[in-house]
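>>> show me how the following folds:
(one chain, ligands or ions: 2)
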Amino acid sequence: MKQNIVVPPQACVQGCHNCSNECEQKELGVLSPVAAMDQLLLAIAGQVVDSEIIPLAEALDRVTAESVSAQFDIPVATCAMHDGIAVDWENCSRKWERGEKVLAADEFLHCPMGSVIPAEFDTLLHAEQCRIRKDNTAVLLALPIQYQSVQLQGSSVAEGEKISEAGEKLTPSHLAMLQYAGITQIPVKRRPRISIVAIGNDLRSPGSRPGPGENIDCDSIFIQAMARQCGAEAFVAPIVPDSESEIEAAVERELKQCDILVVIGGVGRGEQNYGDFTVKALRKLGTVLCHGASISPGGKNLVLACAEGKPVLGIPGPPHAAIIMTERFLPPLIEHYLGCLCYEPQEIEVTLEADLRPRGSSIWIPRLYVFKGDSGYTARIVDRLGDTVDNFIRAMASTTVHGDPEQYKKGRKVKVRLLYGEKTLKRKARKMLEQ
Ligand SMILES: Nc1nc2c(c(=O)[nH]1)N[C@H]1C(S)=C(S)[C@@H](COP(=O)(O)OP(=O)(O)OC[C@H]3O[C@@H](n4cnc5c(N)ncnc54)[C@H](O)[C@@H]3O)O[C@H]1N2
Ligand code: MOO
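Ligands and ions are numbered 1, 2, ... in the order given. Got it, this is the predicted structure:
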């Protein structure tokens, strides 16, 4: 394969009055990504998604809209936690003190595990603690502990007790617990609706072969899948050309039917010359809170806006930048609507194979290959030449590089976020070494 030659663009010196690009940089300071997201979350603070009641069996991974209380006691009656014989402990204790060890047939009852212990008994003797005789009397071999192996009515959960808080993401165990406590229908938050609009004359829809200078839109399916993984519903709208009026029309249309709008591409600062009209259209329809944040790749052109009271995320088109920006900025918006965390990649520690150089004051989020060595994991950066396939699937992790360069010297340990589970990572890491 021929090697691409990449000449990194010069950093913007913000001499805006002389700039031919006529961008809006001069009007907005570059916000830190945290400050930009804080502003956006503030702008949408009043926005919530409504709730819906669904069958419990369909509620896996959904988020509870209200707290839920048990419909009845668990267990509903006092019951045996083992196979054994139920006895009245006071009675056994008195007998034991007097040296009497025989229980008459009406002084005990065989109870299999889970069965109801009649009210006159309170303790379960294990088979090893007594001997049942042919005449159906029992000989005590040991004095049991009062209440042993008995689960009292309501001791697990009492009727009316809260068993799930609002804002809890339901796991298989939650479902079992809720079902156990008599719940069959549950109020959950409606999935936030995400509309995704890809913008660009050079973009082709999936299923067609791109001509020279064209690309298949692949960012939108990535963003849709990420949104779904986070518990949202996501729809990909038809591709929009680099036309201000058509972008405006698409944004207006989509804002009517979504909670969060993601637009991809056309967020550069080239406007007329390079077909970058997205920001201009957004300015007409709402407030652009941030165009450019000190984070890379992609932050230079990242857009956070608010229109019709809804958050709009403007993602840069180049796929290596789109994936990083989406991972960083989409989950917090979905979390705002769901009221719970929805994206928590597993973190591990790795040793750096070579220096990572922090980029000035900006936060840099490179993708990494991870190798398994004799003493833990080693990480190597996916560089810009290994653009698409490497960034999308060969990379195994990403990390955040910021601040003191000493922390990122060769041999230093850093935390990375895994894109796969650790067992898959082990397999992939081994395969890389075999190649
Ligand atoms: N003169 C300058 N040009 C550029 C600069 C700069 O500082 N000065 N920054 C570059 C960087 S960095 C980025 S990031 C982009 C931001 O660009 P846009 O969001 O406006 O992206 P487009 O121009 O629309 O497309 C760029 C590239 O990405 C491909 N693309 C776009 N959308 C998709 C999609 N949905 N799926 C797959 N690929 C997509 C598109 O075909 C182009 O090849 O600006 C740079 N330029
Ligand atoms: O560096 Mo651009 O900001 O590729 O995304």
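>>> now do the contacts for the residue of the stretch 101-250 of the chain found nearest ligand 2.
In the stretch 101-250 of the chain, no residue comes nearer to ligand 2 than Asp219, which is 11.6 Å away by C-beta to the nearest ligand atom. Where you see a C-beta, it was placed from the backbone N, CA and C, and this is true even at glycine. Going by C-beta atoms under 8 Å, 6 or more residues apart in numbering, Asp219 touches Ala198, Ile264, Gly265, Ile315, Gly317, Pro319, Ala322, Ile323, Thr326.
>>> let's go with 10 Å and repeat that
For Asp219, the contact set (C-beta atoms under 10 Å, 6 or more residues apart in numbering) comprises 196, 198, 200, 203, 236, 262, 264-265, 315-319, 321-323, 325-326.
>>> and the residue nearest to it when sequence neighbours are not counted, what element?
Spatially, and ignoring its direct neighbours in sequence, Asp219 is nearest to Ala322 (4.2 Å; C-beta to C-beta, 6 or more residues apart in numbering). Assigned by DSSP states H and E, Ala322 belongs to helix 319-338.
>>> what's the average pLDDT for that helix?
Averaged over helix 319-338, pLDDT sits at 95.
>>> distance of the residue of the chain found nearest ligand 2 from ligand 1?
Using C-beta to the nearest ligand atom, the closest approach of the chain to ligand 2 is made by Ala321 at 2.9 Å. To ligand 1, Ala321 is 4 Å away according to C-beta to the nearest ligand atom, to the nearest Å.
>>> next: Lys95.
82 Å.
>>> can you tell me the closest non-neighbouring residue to Thr51?
Let me fix one detail, which is that residue 51 is Ser and not Thr. Nearest non-adjacent residue to Ser51 (C-beta to C-beta, 6+ apart): Ala65, at 3.4 Å.
>>> residues touching the one you found, list them.
48-53, 166-167, 186-190, 338-339.
>>> from ligand 1, how far out is it?
34 Å.
>>> for that residue, grab phi and psi.
phi -90, psi -20 (degrees, to the nearest 10).
>>> Cys92 and Leu141 touch, don't they?
No: counting by C-beta atoms under 10 Å, Cys92 sits too far from Leu141 to count as a contact (11.5 Å).
>>> identify the contacts common to those two.
Contacts common to Cys92 and Leu141, judged by C-beta under 10 Å, 6+ apart, are Lys101, Leu125, Cys130.
>>> report the separation between the last one and Lys101.
As judged by C-beta to C-beta, to the nearest Å, Cys130 and Lys101 stand 9 Å apart.
>>> who has more neighbours out of these two?
Between Cys130 and Lys101, Cys130 has the larger neighbour count (other C-beta atoms under 10 Å), namely 21 against 16.
>>> who's in contact with the nearest residue to that one once chain neighbours are set aside?
In this structure, Cys130 finds its nearest non-sequential neighbour in Ala138, 4.9 Å apart by C-beta to C-beta, 6+ apart. Neighbour list for Ala138: 85, 87, 92, 101-105, 107-108, 110, 125, 129-132 [criterion: C-beta under 10 Å, 6+ apart].
>>> beta partners for Ala138?
On the basis of DSSP bridges, Ala138 is bridged to Leu103, Ile132.
>>> roughly how far does it sit from Asp217?
77 Å.
>>> again, but for Val236
For Val236, the distance to Asp217 - C-beta to C-beta - is 8 Å.
>>> again with Val262
13 Å.
>>> quick one, which of those two is more surrounded?
Val262 (31 against 23).
>>> need the next SSE after the strand or helix carrying the more buried one, C-terminal direction.
Per DSSP H and E, Val262 falls inside strand 260-264. From strand 260-264 onward toward the C-terminus, using DSSP H and E, the following helix or strand is helix 271-274.
>>> now that next one: how far from the chain's centre is it?
37 Å (C-alpha atoms, centre = their mean, to the nearest Å).
>>> now do stretch 412-428
17 Å.
>>> also stretch 305-314?
With C-alpha atoms, centre = their mean, you get 22 Å for stretch 305-314.
>>> do the same with stretch 227-234
9 Å.
>>> what average pLDDT does it get?
98.
>>> what does stretch 192-205 give?
Stretch 192-205 comes out at a mean pLDDT of 97.
>>> pull the contacting residues for Gly182.
So Gly182 contacts Ser69, Ala70, Gln71, Phe72, Asp73, Ile74, Val76, Val157, Glu159 (C-beta under 10 Å, 6+ apart).
>>> switch the cut-off to 8 Å
Ala70, Gln71, Phe72.
>>> likewise Gln257?
Contacts of Gln257 by C-beta under 8 Å, 6+ apart are Arg193, Ser195.
>>> ok, Ile145 next?
Contacts of Ile145 (C-beta under 8 Å, 6+ apart): Thr123.
>>> closest approach to ligand 1 from the chain, which residue is it?
For the chain, C-beta to the nearest ligand atom, closest residue to ligand 1: Gly317, 2.4 Å.
>>> how is that residue assigned, secondary-structure-wise?
coil (DSSP: H, G, I helix; E, B strand; the rest coil).
>>> neighbours around the residue lying closest to it once chain neighbours are set aside, how many?
Computed as C-beta to C-beta, 6+ apart, the closest residue to Gly317 that is not its neighbour in sequence is Gly265, at 3.5 Å. By the measure other C-beta under 10 Å, the count of residues near Gly265 is 30.
>>> check contacts around Gly265.
Going by C-beta under 8 Å, 6+ apart, Gly265 touches Ala198, Ile199, Gly200, Leu203, Asp219, Thr278, Ile315, Pro316, Gly317.
>>> give me phi/psi at the second one?
Main-chain dihedrals, Ile199, degrees, to the nearest 10: phi -120, psi 130.
>>> do I have it right that it meets Ile264?
Yes: Ile199 is in contact with Ile264 according to C-beta atoms under 8 Å; the separation is 6.4 Å.
>>> what touches both of the two?
By C-beta under 8 Å, 6+ apart, the residues touching both Ile199 and Ile264 are Gly317.
>>> list the contacts of the residue of the chain closest to ligand 2.
With C-beta under 8 Å, 6+ apart, Ala321 has these contacts: Ser296, Pro297, Gly298, Asn301, Ile315.
>>> after the lowest-mean-pLDDT helix or strand in the chain comes which helix or strand?
Of all helical and strand segments in the chain, the minimum by mean pLDDT, DSSP states H and E falls on helix 271-274, at a mean of 72. Using DSSP H and E, the helix or strand that follows helix 271-274 in sequence is helix 278-285.
>>> how about that following helix, which residues are buried there?
Residues of helix 278-285 classed as buried: Thr278, Val279, Lys280, Ala281, Leu282, Leu285 (neighbour count, 16 or more other C-beta atoms under 10 Å).
>>> what do you get for stretch 290-309?
Result for stretch 290-309 [16+ other C-beta under 10 Å]: buried residues 290-307.
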